[in-house]
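>>> Pasting the sequence and the predicted model now:
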Protein chains: 6
Amino acid sequence: MKALGFIEVSGVVAAVDALDVMCKSSDVEFVTWERKLGGRMVTVIVTGTVSAVTEAIECAKRNAQAPIMAFNVIPNPHEETQRMVQLSASRMTGKR
Amino acid sequence: MKALGFIEVSGVVAAVDALDVMCKSSDVEFVTWERKLGGRMVTVIVTGTVSAVTEAIECAKRNAQAPIMAFNVIPNPHEETQRMVQLSASRMTGKR
Amino acid sequence: MKALGFIEVSGVVAAVDALDVMCKSSDVEFVTWERKLGGRMVTVIVTGTVSAVTEAIECAKRNAQAPIMAFNVIPNPHEETQRMVQLSASRMTGKR
Amino acid sequence: MKALGFIEVSGVVAAVDALDVMCKSSDVEFVTWERKLGGRMVTVIVTGTVSAVTEAIECAKRNAQAPIMAFNVIPNPHEETQRMVQLSASRMTGKR
Amino acid sequence: MKALGFIEVSGVVAAVDALDVMCKSSDVEFVTWERKLGGRMVTVIVTGTVSAVTEAIECAKRNAQAPIMAFNVIPNPHEETQRMVQLSASRMTGKR
Amino acid sequence: MKALGFIEVSGVVAAVDALDVMCKSSDVEFVTWERKLGGRMVTVIVTGTVSAVTEAIECAKRNAQAPIMAFNVIPNPHEETQRMVQLSASRMTGKR
């Protein structure tokens, strides 16, 4: 089962930059992003092995343009958690 | 009839983390989440037996990454209340 | 003609709780809710006889988890008012 | 040509109340409302003769539950102005 | 090639009023408006000859109900700029 | 592979102005803009060669009407990064 990695940064410029850092440093894939909350926080969600996701977030913390305000790794997400994240992703792409 | 459980946390990272804690600690299912309000609060709604929902929320309060800002258990939701929650869920999944 | 009842509370958890209190205390039906405004206020709209709607709001003020920030009863809503509320409801359910 | 009347009030409860006061006091019709802006302001737009629209707004200022924060009467709206308002109305009803 | 004119005002009432002033004072057409940003600012975009657009904005500054908070005239918009504005307009009308 | 350039400015008027400056000063194309975050920040994304994108952003910093609050150039965006940006663009145009 794949792990999920989450980071929160301030603004779209910082979010795209952090995703680029994560994907270049480690074998993770982009899942979805959430931007609807008040304030400027953007949540970027990636997936991969636990070690890849952990490494990606560490690299984002070291090398991304803007500070990582919050982060989390869920090593073995419950199937309900996967469903919640998948709904967010499918809503963004229009695929269901 | 199934009970409904509600928690409010700050941000998407904390919301997914809290859902994962709830689903792993107790036999509850993810119903929907609401993120459209101003500010950063996210509401996560789960369903299950009264004891499962209550236990899930207690675990989230103890073990989730971020503090649970508000919560509620409705043991036997009125059918109008179920309809309100179901509308939120169906809007999210695109199913009606 | 049916009366309309309106309450405003802060947050989704409080809104669902208040609706549940209203429906259990009095013979009212859920019409729609509005959550798009800035800030955390949620408006819940119910319908029923004038006395049922009035009683429902009184119960919400006494027994709901969170304070009722604003409320109103329109005993005999003008047909244009009904149309405005109906548009909100149909937009939510996707029915027109 | 019909005049357009605009009022701004704070919150949905106040907006529906003000519309009801306007429609009961004068022969105006509901056109649309706008709620997407930040903050809690709701704009309600009505149409009718200049005198009907003026009277409706005066009544709302005297008798509505909440204060009218801003208002305007456009006696003979330019056709581009009518088009702007009509686009808002059609977007709300799904009719084009 | 047509020029583009932009004004920003606070709130929907002021935006419709300013558009009406612009269209009555000068031969400009309504293109689109943008209301999704935080805060209360509404951007109204019009098109016409450079002199018509300039005159329209000057009149709005003198005669509109509310102050014009920001404005700009782009005499000969780049085709990419036209495309950006057109996307906003088509999204509003549902035409593509 | 094409580079991506990002700028953040405050408000729609400033965003369209900055895009126009960028496209007239350098051979870049408009990709998408993001306006859903809280506050007034608008992110404009352009693409072109690294030197074209860099020159475009420099010109926007010198000549645009409003200050550039944040910017970034990603010379060789990872394919996942391109996918994230493309999803934003396709969502805006309705093309997938």
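Nice, I can see it.
>>> what's the span of stretch A:6-15 from first residue to last?
The first and last residues of stretch A:6-15 sit 11 Å apart, counting by C-alpha to C-alpha, to the nearest Å.
>>> ranges for the helices of chain A?
A:12-25, A:50-63, A:79-93 (DSSP state H).
>>> and of the ones you listed, who's closest to chain F?
Chain F lies closest to helix A:12-25 among these, at 4.0 Å (C-beta to the nearest C-beta). Any C-beta I mention is one placed from the backbone N, CA and C, and that applies to glycine too.
>>> For the closest one, buried residues please.
For helix A:12-25, burial by neighbour count (16 or more other C-beta atoms under 10 Å in any protein chain shown) applies to A:12-25.
>>> And those, which is closest to chain D?
Nearest to chain D among the buried residues of helix A:12-25 is residue A:12, at 18.2 Å by C-beta to the nearest C-beta.
>>> beta partners of the closest residue to the closest one other than its chain neighbours?
Nearest residue to residue A:12, sequence neighbours excluded (C-beta to C-beta, 6 or more residues apart in numbering or on different chains): residue F:43, at 4.0 Å. Residues in a beta bridge with residue F:43, per DSSP bridges, are residue F:8, residue F:34.
>>> can you pull the pLDDT of residue F:43?
In this model, residue F:43 is scored at 92, pLDDT.
>>> repeat for residue A:37
pLDDT, read off for residue A:37, is 54.
>>> how about a markdown table for the buried residues of helix A:12-25, with distance to residue C:66 and pLDDT added?
Output for the buried residues of helix A:12-25, formatted as a markdown table (distance: C-beta to C-beta, whole Å; pLDDT from 0 to 100):
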| residue | distance to residue C:66 | pLDDT |
| --- | --- | --- |
| A:12 | 34 | 89 |
| A:13 | 37 | 92 |
| A:14 | 35 | 93 |
| A:15 | 33 | 94 |
| A:16 | 38 | 94 |
| A:17 | 40 | 96 |
| A:18 | 37 | 97 |
| A:19 | 38 | 97 |
| A:20 | 43 | 97 |
| A:21 | 42 | 97 |
| A:22 | 40 | 97 |
| A:23 | 43 | 97 |
| A:24 | 47 | 96 |
| A:25 | 45 | 96 |
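>>> Any chance of a markdown table for those residues, columns distance to residue E:70?
A markdown table is the format used below for the buried residues of helix A:12-25 (distance: C-beta to C-beta, whole Å):
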| residue | distance to residue E:70 |
| --- | --- |
| A:12 | 21 |
| A:13 | 22 |
| A:14 | 25 |
| A:15 | 27 |
| A:16 | 27 |
| A:17 | 28 |
| A:18 | 31 |
| A:19 | 32 |
| A:20 | 32 |
| A:21 | 35 |
| A:22 | 37 |
| A:23 | 37 |
| A:24 | 38 |
| A:25 | 41 |
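>>> my guess is residue A:65 meets residue A:12, correct?
No - counting by C-beta atoms under 8 Å, residue A:65 does not reach residue A:12; the two are 11.9 Å apart.
>>> before we move on, back to that, looking at the buried residues of helix A:12-25, which is nearest residue F:74?
Nearest to residue F:74 among these, counting by C-beta to C-beta, is residue A:20 at 5.4 Å.
>>> Quick check: chain neighbours aside, which residue is closest to that closest one?
Distances taken as C-beta to C-beta, 6+ apart put residue F:81 closest to residue A:20, at 4.3 Å, once the chain neighbours are dropped.
>>> swap in residue A:82?
In space, and not counting its chain neighbours, residue A:82 is closest to residue A:4: 7.8 Å by C-beta to C-beta, 6+ apart.
>>> so what's that neighbour up against?
Going by C-beta atoms under 8 Å, 6 or more residues apart in numbering or on different chains, residue A:4 touches A:31, A:45-47, A:53, A:73-74, A:77, A:81-82, A:85, B:16.
>>> what are the bridge partners for it, then?
Applying DSSP bridges to residue A:4 gives these bridge partners: residue A:47, residue A:74.
>>> for chain A, what are the low-confidence residue spans?
Per-residue confidence for chain A (pLDDT under 70) gives these ranges: A:1, A:36-39, A:91-96.
>>> ok, so of the contacts of residue A:4, who is nearest residue C:90?
Ranked by distance to residue C:90 (C-beta to C-beta), the contacts of residue A:4 are led by residue A:85 at 30.6 Å.
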